[in-house]
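Take a look and give me a structure for this.
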Amino acid sequence: MKKIELDIVALSHSVTQSHNYAVVLGEQDGSRRLPIVIGGFEAQAIAVAMERMTPNRPLTHDLFKNALETFEVELKEIVINNLLDGIFYARLVCDINGKTVEIDSRTSDALAMAVRFECPIYTYEFILDAAGVILEENEENQNTEALAASGGAKPRPKKKKKAKKEGTLSQYSDDDLNQMLDDVLADEDYERAAEIRDEIKRRTAN
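Numbers count the residues shown, from 1 in each chain. This next block holds a predicted model:
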């Protein structure tokens, strides 16, 4: 079957399942989006890698990455290869001394590894047909709110909350923000760290 390459386009709280998050994957050469509900730990693991944060101690996915690299195992790609009863299945496609080996994985863990290895993410047409959502261009430019009805999520952070958080963080100086970032990373509060990092990036862009 032909593989379709995807990118991570959004990560936020799940609208349909409290205490969970949703990662939204976007078709590289199309307008379809694939929302997948994941746990809080896995969402944190993906966010930390996407924001290029360095925890004081390696997270589980960092440990697994270090182990693979130590034994010279290269993660070539991940493939979301099945959808059964609303549950996505995935595989890690690895290269070991020129031999291709596929490892079964939860999709959330596979995505966390893909971000760390910066490797491609693929799926198949039948999965996008079954669970994909098509967004019009104007919807995409505004937000991914249309995905909420299908188990997806709004962009992270939500617009109203973002304005409030930025208003609070805007009261601090650049030095204070950098110190706060160091403190929350030391406490392993990666969600708060992402908010502070967003504020620092916003100032840098202005």
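
what bridges to the residue lying closest to residue 1 once chain neighbours are set aside?
Sequence neighbours aside, residue 124 is the residue nearest to residue 1 in space, at 5.1 Å (criterion: C-beta to C-beta, 6 or more residues apart in numbering). In this view, the C-beta of every residue, glycine as well, is placed from N, C-alpha and C. Beta bridges link residue 124 to residue 3, judged by DSSP bridges.

Residue 77: what's it in contact with?
Taking C-beta atoms under 8 Å, 6 or more residues apart in numbering as the criterion, residue 77 is in contact with 93, 114, 119-122.

ok, now residue 102?
91-94.

Buried residues, whichever strand or helix holds it. List them.
Here residue 102 sits within strand 99-106, counting by DSSP states H and E. Judged by neighbour count (16 or more other C-beta atoms under 10 Å), strand 99-106 contains these buried residues: residue 105.

tell me the mean pLDDT for that strand?
Taken as a whole, strand 99-106 has an average pLDDT of 97.

Ok, stretch 69-78 next?
Per-residue scores along stretch 69-78 average to 96.

end to end, how far does that stretch reach?
16 Å (C-alpha to C-alpha, to the nearest Å).

Could you chop this protein up by domain?
Domain assignment for the chain by automatic domain parsing gives 3-156, 160-205.

before we move on, the earlier item: drop anything exposed from the contacts of residue 102.
91-94.

Cool, thanks, signing off.
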